[in-house]
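Trainee: no sequence on hand, only this structure:
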């Protein structure tokens, strides 16, 4: 092998590699000023962020999962339809499920910006559905005090303030069915 071949095949690539490595070493901060970094190894989005990959798992952990009729998540908007079969006990059920969904959406999930919640009465014989109550809540309107106030209300009773803040729609069916519960 002549000198020209040696220069071309070994020395020149070696010198180029050395120059690149030296450039990287000189530009990489070694004074300890960089922030330490840690990352979850398995599924970094399994807690706190609701997405297509974990929506079924997260919703199945909720106590109301058997009553969920439809769930949809698009661009931070969570839409949930809840089926109510036993309408006689619905003020208690709806109140509990409403507070559970609000807590789940705004306290446990960081990426749900808005929650649309509909409670549908379903006739066990015919399968027909009728809207009982609907709520539309935005994260910026949410507060721990609102959660506390909602939890402290008697089941089925919604103050004017609560109706306004939760953007509740109490249907005629709800008001007819639970006239005593909604007064107050």
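Mentor: Ah, there it is. Computed from a prediction, not measured in an experiment: that's the story for all the values here. Numbering: from 1, shown residues only.
Trainee: going forward, measure contacts between C-alpha atoms and count neighbours the same way
Mentor: Will do.
Trainee: dump the residue contacts of residue 132.
Mentor: 118, 119, 120, 121, 170, 171, 172, 173, 174 (CA atoms under 8 Å, 6 or more residues apart in numbering).
Trainee: stretch 106-122: which residues count as buried?
Mentor: By neighbour count on 16 or more other CA atoms under 10 Å, the buried set for stretch 106-122 is 106-107, 111-122.
Trainee: ok, which pair from those residues is furthest apart?
Mentor: When CA to CA is used, the two most widely separated members of the buried residues of stretch 106-122 are 111 and 122, lying 30.7 Å apart.
Trainee: quick one, helices of the chain?
Mentor: 3-6, 12-27, 55-60, 90-103, 144-152, 160-165, 172-177, 179-182 (DSSP state H).
Trainee: mean pLDDT lowest where, among these?
Mentor: Mean pLDDT per stretch puts helix 179-182 lowest among these, at a mean of 52.
Trainee: how does this structure divide into domains?
Mentor: Domain assignment of the chain by automatic domain parsing yields the ranges 1-37, 55-182.
Trainee: can I get those in CSV with distance to residue 48?
Mentor: Shown next, in CSV, are the domains of the chain (distance: least, CA to CA, whole Å):
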stretch, distance to residue 48
domain 1-37, 20
domain 55-182, 4
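Trainee: most tightly packed of the ones you listed?
Mentor: For these, the stretch with the most neighbours on average is domain 55-182, a mean of 16; neighbours defined as mean count of other CA atoms under 10 Å.
Trainee: just the pLDDT at residue 155, thanks.
Mentor: So, for residue 155, pLDDT stands at 67.
Trainee: brain fart, residue 108
Mentor: Value for residue 108, per-residue pLDDT: 91.
Trainee: my guess is it meets residue 48, correct?
Mentor: Yes. In this structure, residue 108 is within contact of residue 48 by CA atoms under 8 Å, at 5.7 Å.
Trainee: next up, the contacts around the closest residue to residue 135 other than its chain neighbours.
Mentor: Leaving aside its sequence neighbours, residue 135 sits nearest to residue 168 (CA to CA, 6 or more residues apart in numbering; 4.5 Å). Residues near residue 168 by CA under 8 Å, 6+ apart: 133, 134, 135, 136, 162.
Trainee: repeat for residue 85
Mentor: 121, 122, 123, 124.
Trainee: one more time with 10 Å, if that's ok
Mentor: Each residue near residue 85 by CA atoms under 10 Å, 6 or more residues apart in numbering is listed here: 67, 120, 121, 122, 123, 124, 127, 129.
Trainee: among those, which lie within strands?
Mentor: 120, 121, 122, 129 (DSSP state E).
Trainee: now these as TSV including distance to residue 56 and pLDDT?
Mentor: Compiled in TSV, these are given as follows (distance: CA to CA, whole Å; pLDDT from 0 to 100):
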residue	distance to residue 56	pLDDT
120	20	92
121	23	89
122	23	86
129	23	90
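Trainee: next, format these as a markdown table and append distance to residue 178.
Mentor: Compiled in a markdown table, the ones in strands among the contacts of residue 85 are given as follows (distance: CA to CA, whole Å):
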| residue | distance to residue 178 |
| --- | --- |
| 120 | 15 |
| 121 | 13 |
| 122 | 16 |
| 129 | 18 |
